[in-house]
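>>> The amino acid sequence is not available; the structure is as follows:
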């Protein structure tokens, strides 16, 4: 049983369960690692297993680790659980209207991000954490992920950084 739990969300046979496809962005944008680092994500593909659609996303955390997450859907889902190795930022789920503050919707593995961040050495001294305001990503496949996503963010004007800092980030993530 422990192995099944430790691999939750990490494979086709044990995918993360969300209520519908519209909830993917809200959940992924509100995920952080156990260490308190934000993530960026990229949809790799859709897989049909029997009658179920499973979405395959690649994740890059700001502590420079890559991971894969598989997501399936169940409209009846009432307990939201992040994939193994991640937490949900409860304040952001409430802020985005996914749940009510007084909601009876059970959430597992939620965290007060701001308390975690003040305790985390990783996120306090992390260039990516200091530049980007949170987790973000795309449902479009990118050939050179995470570099292409960082480049899109830089050129969109959403994040104001100098070209030298941008180049430093690109050099760091290119080594992964």
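Noted; the coordinates are in hand. As the structure is a prediction and not an experimental result, all values here were calculated from the model.
>>> Can you list the low-confidence ranges for this protein?
Applying pLDDT under 70 to the chain picks out residues 1-6, 77-79, 90-125, 159, 176.
>>> For stretch 50-69, list every residue counted as buried.
54, 55, 56, 57, 58, 59, 60, 61, 62, 63, 67, 69 (16 or more other CB atoms under 10 Å). C-beta: built from backbone N, CA, C; applies to glycine.
>>> Name all residues that make contact with the third one.
Under the criterion of CB atoms under 8 Å, 6 or more residues apart in numbering, the contact partners of residue 56 comprise 43, 44, 45, 46, 47, 68, 69, 70, 71.
>>> Repeat that for the last one.
If you count contacts by CB under 8 Å, 6+ apart, residue 69 has them with 9, 10, 16, 28, 41, 56, 57, 58, 59, 83.
>>> any idea how far the last one is from residue 14?
In this case it means residue 83. 9 Å (CB to CB, to the nearest Å).
>>> Mutual contacts of these two, please.
Joint contacts of residue 83 and residue 14 (CB under 8 Å, 6+ apart) are residue 8.
>>> Looking only at neighbour counts, state which of those two leads.
residue 83 (23 against 18; other CB atoms under 10 Å).
>>> mind checking the SS state of the spatially most central residue of the chain?
Among the residues of the chain, residue 28 comes closest to the average C-alpha position under CA atoms, centre = their mean, at 3.8 Å. Following DSSP: H, G, I helix; E, B strand; the rest coil, residue 28 is assigned to helix.
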